[in-house]
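Undergrad: Have a look at this prediction, sequence included:
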Amino acid sequence: MDFLYSIVGFFASGGIFMFPILLVFAFGVAIAVERYVTLAIVTNKNQAVWDKVQPLLANGDFDEARNMTSEDESTISQVLNMGLSLQGGVRRREDIEIAMEESMMEIVPRLEKRTPYVALASSIATLLGLLGTIMGLIQAFTAVANANPAEKADLLSASISVAMNTTAFGLMVAIPLLVVHAVLTSKTGDIVDSLEMATVKALNVFSKRAKRTVVAEA
């Protein structure tokens, strides 16, 4: 209970700038949670689809793989289906690769969507904390200028202590948000890497099948 009272006292003594920092924190946390859940779902769906499609590609069952990816809405299905839709009709690997890269260019921005706002919230929290401290110091020195000389030292030290609360709170908000932003960026990168890996493996399978077709026709 004493700990709770100390937190309330710390927040109350920080002044009006504590409320915008708290609002920024809530905004950053909301986006971070939404992004983390979304990326986790995307990761799980992609892994489930790849576990099913990879054996089909390895066995050359392109029609079944094409039907499976066309009916699925996962990001990896969208990329693979772009390549599978051209497989057989287009012999050149470069043409299929360009089409799959085009699909990737549409998917990656969706994966990165809103993640930069978490870093932005971290920066805003830090700046609001510094601004609150500066405004508090201005008020403190203004009050000290008109105070009794015997009370100036005590009044100034107390005012500075209160003003520093906003900077401390701003940093307490900014640091976790910055860490979360790094986690989200890493998770997004892992998904993009997995999509590129699936693209390369699919292209290799297409190339091998195309070479076998050419040899058979010859």
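TA: In hand now; what should we look at? Numbering: from 1, shown residues only.
Undergrad: residue ranges with poor pLDDT in the chain?
TA: When residues are selected by pLDDT under 70, those of the chain lie in 1-13, 88-91, 143-159, 210-218.
Undergrad: Just list the residues touching the nearest residue to residue 25 once chain neighbours are set aside, thanks.
TA: On the basis of C-beta to C-beta, 6 or more residues apart in numbering, the spatially nearest residue to residue 25 that is not a chain neighbour turns out to be residue 173, at 4.4 Å. For glycine as for every other residue, the C-beta is placed from the backbone atoms N, C-alpha and C. By C-beta atoms under 8 Å, 6 or more residues apart in numbering, the contact set of residue 173 is 21, 22, 24, 25, 28, 122, 125, 129.
Undergrad: so which strand or helix has the fourth one?
TA: Spelled out, it's residue 25. Secondary structure here is read from DSSP states H and E; on that basis residue 25 sits in helix 18-59.
Undergrad: Longest helix in the chain, please.
TA: With residue count as the measure and DSSP state H as the assignment, the chain has helix 152-217 as its longest helix.
Undergrad: so it versus helix 18-59, what angle?
TA: Taking axes from the mean of the first three to the mean of the last three C-alpha atoms, to 10 degrees, one finds that helix 152-217 is oriented at 10 degrees with respect to helix 18-59.
Undergrad: Provide the backbone phi and psi angles at residue 15.
TA: phi 90, psi -170 (degrees, to the nearest 10).
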